[in-house]
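A.B. asks: turn this into a model:
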Amino acid sequence: MIEVGRETRYDLYDLFLEAPPTLVPRHRRREVSERMDFEGQILMPLDETLSRRLRTRWSSATASRRSRSRSCMPTATRRMNGARPRSFAAPIRIFPLTLSSEVAPEIREYERTSTACANAYVQPLMRRYLNRLETRLTEIGFAGRLYVMLSGGGIAAVQEAKDFPIRMIESGPAAGAMAASFLARLAGLDRVVSFDMGGTTAKMCLVENGAPDHKFDFEAGRVRRFVRAPACR
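C.D. replies: Just a heads-up that it's a prediction; the model follows:
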């Protein structure tokens, strides 16, 4: 799935098109046979023998990601299936596990899979960072509750940030947009253009009727500047 992407070319007539790099190289991916229908009912049972063989490969992993074509199925079924990889990982070693159905429980398999891959990649690093931050705050006598800014403009408890660090991407500019919308409401302004400049980037946001404009997709690692590059293979 992450090889095929959306099968969309950002430059239709370029015969030498440079595709975005694959998030996870083929030699680091393993597949387990199982099939479900659109309601989450089992059509082909999980290959338990193959799953047990893969457990030995997980012993050297720092993070794991699991995605399936029906991850937008009912929550109860998703959680039941999520228990399987966690039970396999527990006897070997505890390491971060990402389930696409928990990270991005929406339709479209590529979006779920790529988001889960990115989440698994940054999860170990973010967990170590937040653990150190919590420890240091305790040492200096911090008695409050620590919250983390999210890219959607809200905040979350530290444990959610450890489990789903992908939700923090671009959270800094999101905080600036939320601050601008708050100040716009205080000033009685319905339409505002905010400008947030940091040490490396500058971000602008349209605030209308007291709320910032929201987008529901994000592109990183763009191949060509100023050219939208959907995943393609």
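A.B. asks: and I169, how far is that from V192?
C.D. replies: 24 Å (CB to CB, to the nearest Å). In short, each C-beta sits where N, CA and C put it, glycine included.
A.B. asks: again with L99
C.D. replies: For L99 relative to V192 (CB to CB), the value is 39 Å.
A.B. asks: neighbour count winner among those two?
C.D. replies: For L99 versus V192, the count of surrounding residues by other CB atoms under 10 Å is larger for L99: 25 against 17.
A.B. asks: what about that one, distance to G172?
C.D. replies: Distance from L99 to G172, by CB to CB: 27 Å.
A.B. asks: now D11
C.D. replies: 31 Å.
A.B. asks: ok, the closest residue in space to L46 that isn't next to it in sequence - contacts?
C.D. replies: Counting by CB to CB, 6 or more residues apart in numbering, E34 is the residue found nearest to L46 once chain neighbours are left out, at 4.4 Å. The neighbourhood of E34, defined by CB atoms under 8 Å, 6 or more residues apart in numbering, consists of I42, M44, P45, L46, D47, R68.
A.B. asks: among these, which are in strands?
C.D. replies: The strands, defined by DSSP state E, take in I42, M44 from the contacts of E34.
A.B. asks: closest one of the contacts of E34 to F216?
C.D. replies: R68 (21.9 Å; CB to CB).
A.B. asks: is it true that R127 touches N119?
C.D. replies: No: using CB atoms under 8 Å, R127 is not in contact with N119, being 11.6 Å away.
A.B. asks: which neighbours do the two share?
C.D. replies: Joint contacts of R127 and N119 (CB under 8 Å, 6+ apart) are P165.
A.B. asks: of those two, who's got more company?
C.D. replies: Between R127 and N119, counting by other CB under 10 Å, N119 is the more crowded of the two (25 against 19).
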